[in-house]
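K.L.:
what's the 3D shape of this:
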Amino acid sequence: MKDITKVSHLISHGKIANLNDLYEQVSKADIARALNQNPISFTNYRSNNPESFKLSEFIALSKFFNVSLECITTIFANSIDNYSQLSDKQ
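P.N.:
Residues are numbered from 1 along each chain as shown. Below you'll find the predicted structure:
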């Protein structure tokens, strides 16, 4: 896993715009562990469905990365927009 401080800085400065950007910096398995979830099921399903996350998970990620809840919700909102645009094209 990359240095969380560096990733936190990227998040808080808007350099990580969506989940794909986040997953380039931190593995899906590490995110799963931060959420106390099974890394395999998280990687296979949840990580690709941003709309399935709960508020408590947003809060856990904001604490894990030590960034505002707003930063995390922005990442997810951008990801939901990206995923819905992709599915509209199919």
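K.L.:
Please identify the helix or strand for T43.
P.N.:
Using DSSP states H and E, T43 sits in helix 39-44.
K.L.:
Could I get the CA-only coordinates of that helix as CSV?
P.N.:
Coordinates of the C-alpha atoms in helix 39-44 are reproduced here as CSV (Å, rounded to 0.1, in the frame of the first residue of the first chain):
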residue,chain,number,x,y,z
PRO,A,39,-11.1,-8.5,0.2
ILE,A,40,-12.2,-11.1,-2.4
SER,A,41,-15.9,-10.3,-2.4
PHE,A,42,-15.1,-6.6,-2.2
THR,A,43,-12.8,-6.8,-5.2
ASN,A,44,-15.3,-8.9,-7.3
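K.L.:
buried stuff in that helix?
P.N.:
Buried residues in helix 39-44, counted by 16 or more other C-beta atoms under 10 Å: P39, F42, T43. In short, each C-beta sits where N, CA and C put it, glycine included.
K.L.:
now stretch 12-31
P.N.:
I16, N18, L19, L22, Y23, Q25, V26, K28, A29, D30, I31.
K.L.:
Surely Y23 is in contact with S47?
P.N.:
Yes: the criterion here is C-beta atoms under 8 Å, and Y23 meets it with S47 at 7.0 Å.
K.L.:
separation between Y23 and N48?
P.N.:
10 Å (C-beta to C-beta, to the nearest Å).
K.L.:
Now do Y23 against I59, distance only.
P.N.:
For Y23, the distance to I59 - C-beta to C-beta - is 20 Å.
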